[in-house]
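All I have is the shape, not the residue letters:
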């Protein structure tokens, strides 16, 4: 079995190529930051709206209208990421995920502007397929021209955050890639944070060992939120978990608050969410920390509307 | 068309059908189709599993294999040559050559068959030798995870995110199967045996082949007719024969081991040999010993294996500390009924179930166990019990699982390793993920003084815990500071 020189060279080249490939597979790719993590528009409305009403779909649309419509935040031809909370495989009456009608209203409003691409995604806490299906969001968005994306463990890019507690972390690729991000969290009780709201919802766009955040949740969340800024925060407070959060033990653990809070300043959205839940004297640690570290303004003007 | 080509087409067809079966399990695991019998169709075709089910609790669906078995009265061991996916794999990797051992050694496979039967009678299931389950386990527990991981890693290598259709069909996370290496090595070893002699497994070891050869030793049906006038004694047929059953003129054809591969008919330059249908024909005896001797040896073997099985069962079986899938039968019954196919492993969406090696006592090899290190038992999912072909996992519904609830174990906190209990730092991961099945969370946070600081520490309520293992799976400590044992499990 003698091989010619040419064959030997070809073999060596192929083997080293596959070696490089195998070596590269083992590594986590780090890339340069694609776009500005601050997704806010320059002249955003400086007030927060809160809309009460029976229908989660209609109050969401009303809230967006009151902020000047989606055209204030999204321009035509832009890429938009809608980031609801789909962390758990619970039906919508459990209140653990964002109400599918709220997500649908937001997606429709975004689509009206005419963006080039709309992505709906969340890095779920449970098995992603059952979370997307059982929360009702997958079905609610059927027929709309949006991409419901499953997030794989390789969809994250290591980015320098430079915070006080979190120095660098893996961020969801599409959060950095798109032009605008609409954050659609749900208000619920959380054993460590007190309440899980807009700031906590951004934990759904980070990868890695998320449990590390719980060592110092307040500082970690403020670090994360002073790096990533969504264009708009629409806090779903329709059905709210008050006990056994963040997934709840059933319909008995929830209370109907029937409202939606929307605004650009994440700190004031969370502040009014906490007030709605009666946590005024007992603000969540990350809200206090955010105020102390000038993340935003705590009490921007609130416009309350009932329909 | 030449019959050899028909045989190859049949092999390709059934191998594709087998791949469909494997793929069906993957689709079930990702909720694209609901549980259906297609995902275990080859297990129903396997008469060895019918025998197993006769001894351990009969299931009517296994009767599908009876026509497959009866056909071998006419068509010899056609199943091995035309259908069996492991046979197809072995045939791909086999090489030409003459057999080294004679018929005496080929009868060794009867030994595996009867060992299996008598051990089953004594309550020890020896089914990890069944060819269909071997190849199913290989495809679903070794090859599929390997391919998925290679794909996900190469997407990572090229810096693109996995395409949408990929994540829709396949898991978005890497899949790891505990002991998948042993599953691979088992099949690799079987294929390696081809190096010593072609189709070694089919000739000498396979218990399913033994069953078919016993049925096809009846002297009726297809018969290889040799025309001595035409034969030029080139010996090609003997060289190409898969099973060395003497198709050559001058030697007696061993009809009971013929797999009808049609190689001999195909290569014969003078068309001296042909398969013909005969109502009766005379040929070599399979059991050429006296009837009395056969009977004696059967009874002796049966008794000894029965005793060995009983001995192993009552003295060597450790008390299992493994987690079993929800709805599993009582441990004794479960070990008996489980056919070790690994279908529950392949449909588990969270990668919780894994085939055991020796964790679940020596005869629990390849039975499903829950490994919290890799996954957890999802609360609204009963796919393993829906697909189980043998009934070792009782068919339960989601509402049954949630309302009863069906416990698979209980979690305990190792307070020496738990971050809040020991270090006094805050960590609530186990409480956060606890699924609150009984209406309330099983893990509750209580404020305690640790090293002079007030911290929230987790505590498990034994009444509410169902052992879903997500707490152990997500615990940031390594090894986990909260662990799940099978205490308080509900078995049927």
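That came through fine. Every value quoted in this text rests on a predicted model; they were computed, and no experiment measured them.

what residues are up against the closest residue to residue B:365 other than its chain neighbours?
Spatial nearest neighbour of residue B:365, chain neighbours left out: residue B:128 (5.3 Å); criterion: CB to CB, 6 or more residues apart in numbering or on different chains. Any C-beta I mention is one placed from the backbone N, CA and C, and that applies to glycine too. Applying CB atoms under 8 Å, 6 or more residues apart in numbering or on different chains to residue B:128 gives the contacts B:134, B:340, B:365-366.

what do you get for residue B:170?
By CB under 8 Å, 6+ apart, residue B:170 lies in contact with B:26, B:30, B:148, B:151.

Show me which residues of the stretch 101-250 of chain B are close to chain A?
Within reach of chain A by CB under 8 Å from any CB of the partner chain, the stretch 101-250 of chain B has these residues: B:150, B:152-157, B:159, B:161-162, B:164, B:167-168, B:172-174.

make it 10 Å
By CB under 10 Å from any CB of the partner chain, the residues of the stretch 101-250 of chain B that approach chain A are B:149-150, B:152-162, B:164, B:166-168, B:170-174.

Now restrict those to buried residues only.
Neighbour counting with 16 or more other CB atoms under 10 Å in any protein chain shown marks B:152-157, B:161-162, B:166-167, B:170-174 as buried within these.

Report pLDDT for whichever residue of the stretch 301-450 of chain B sits closest to chain A.
Nearest residue of the stretch 301-450 of chain B to chain A: residue B:436, at 3.7 Å (CB to the nearest CB). pLDDT, residue B:436: 84.

List phi and psi for it.
phi 50, psi 60 (degrees, to the nearest 10).

Identify the residues contacting it.
Residues near residue B:436 by CB atoms under 10 Å, 6 or more residues apart in numbering or on different chains: A:90, A:94, A:96, A:243-245, A:247-250, A:253, B:379, B:442-443, B:464.

Going along the chain, name the helices of the stretch 351-492 of chain B.
In the stretch 351-492 of chain B, the helices defined using DSSP state H, counting those that start in this stretch lie at B:383-387, B:398-403, B:429-433, B:470-474.

whoops, the stretch 101-250 of chain B was the one
Counting by DSSP H, counting those that start in this stretch, one finds helices in the stretch 101-250 of chain B at the ranges B:103-106, B:108-121, B:131-137, B:144-157, B:164-169, B:180-192, B:200, B:207-215, B:236-240.

now swap in chain A and tell me
Secondary structure of chain A, counting by DSSP state H: helices at A:5-26, A:56-66, A:100-113, A:128-134, A:137-140, A:173-177, A:198-201, A:217-225, A:266-276, A:285-292.

Would you mind giving those helices as a markdown table with distance to chain B, mean neighbour count and mean pLDDT added?
Shown next, in a markdown table, are the helices of chain A (distance: least, CB to the nearest CB, whole Å; neighbours: other CB atoms under 10 Å in any protein chain shown; pLDDT from 0 to 100):
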| stretch | distance to chain B | mean neighbour count | mean pLDDT |
| --- | --- | --- | --- |
| helix A:5-26 | 4 | 11 | 84 |
| helix A:56-66 | 23 | 22 | 94 |
| helix A:100-113 | 17 | 22 | 94 |
| helix A:128-134 | 5 | 21 | 90 |
| helix A:137-140 | 10 | 20 | 92 |
| helix A:173-177 | 6 | 21 | 87 |
| helix A:198-201 | 11 | 27 | 93 |
| helix A:217-225 | 7 | 24 | 92 |
| helix A:266-276 | 19 | 25 | 92 |
| helix A:285-292 | 10 | 20 | 92 |
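
Put together TSV for these, with distance to residue B:358 on each row.
Below are the helices of chain A laid out as TSV (distance: least, CB to CB, whole Å):
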stretch	distance to residue B:358
helix A:5-26	30
helix A:56-66	54
helix A:100-113	47
helix A:128-134	32
helix A:137-140	42
helix A:173-177	43
helix A:198-201	44
helix A:217-225	42
helix A:266-276	53
helix A:285-292	48
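
Spatially nearest residue to residue A:200, not counting backbone neighbours?
Counting by CB to CB, 6+ apart, residue A:193 is the residue found nearest to residue A:200 once chain neighbours are left out, at 5.5 Å.

Quick check, the one you found in contact with residue A:245.
Yes - taking contacts as CB atoms under 10 Å, residue A:193 lies within contact range of residue A:245: 9.1 Å.

so what sits against both of these two?
Any residue near both residue A:193 and residue A:245 by CB under 10 Å, 6+ apart counts here, and that gives residue B:432.

Now do the same contact list for residue B:450.
The contact partners of residue B:450, by CB under 10 Å, 6+ apart, come to B:415, B:418, B:420-425, B:456-457.

remind me which residues of the stretch 101-250 of chain A are low pLDDT?
For the stretch 101-250 of chain A, no stretch has pLDDT under 70.

Repeat that for chain B.
Using pLDDT under 70, the flagged stretches of chain B are B:1, B:288-290, B:316, B:318.

Could you check the angle the longest helix anywhere in it makes with helix B:144-157?
Counting by DSSP H, the longest helix found in chain B is helix B:3-29. Angle of helix B:3-29 versus helix B:144-157, following axes from the mean of the first three to the mean of the last three CA atoms, to 10 degrees, is 70 degrees.

List the buried residues of helix B:3-29.
Applying a neighbour-count criterion of 16+ other CB under 10 Å, one finds B:4, B:7-8, B:11, B:14-15, B:18, B:21-29 buried in helix B:3-29.

hmm, back to that, ok, the residue nearest to residue A:200 - how many residues close by?
Neighbourhood size, residue A:193 [other CB atoms under 10 Å in any protein chain shown]: 25.

Give me every residue in the stretch 151-300 of chain A lying close to chain B.
Residues of the stretch 151-300 of chain A that fall close to chain B, judged by CB under 10 Å from any CB: A:151-157, A:172-174, A:177, A:190-193, A:196, A:209-218, A:243-250, A:252-253, A:285.

Counting neighbours, which of these end up buried?
A:151-157, A:172-174, A:190-193, A:196, A:210-211, A:213-214, A:216-218, A:243-250, A:253, A:285.

Mind listing the residues bridging to the nearest residue to residue A:190 once chain neighbours are set aside?
Excluding the flanking residues, the one nearest residue A:190 by CB to CB, 6+ apart is residue A:196, at 4.0 Å. Counting by DSSP bridges, residue A:196 forms beta bridges with residue A:188.
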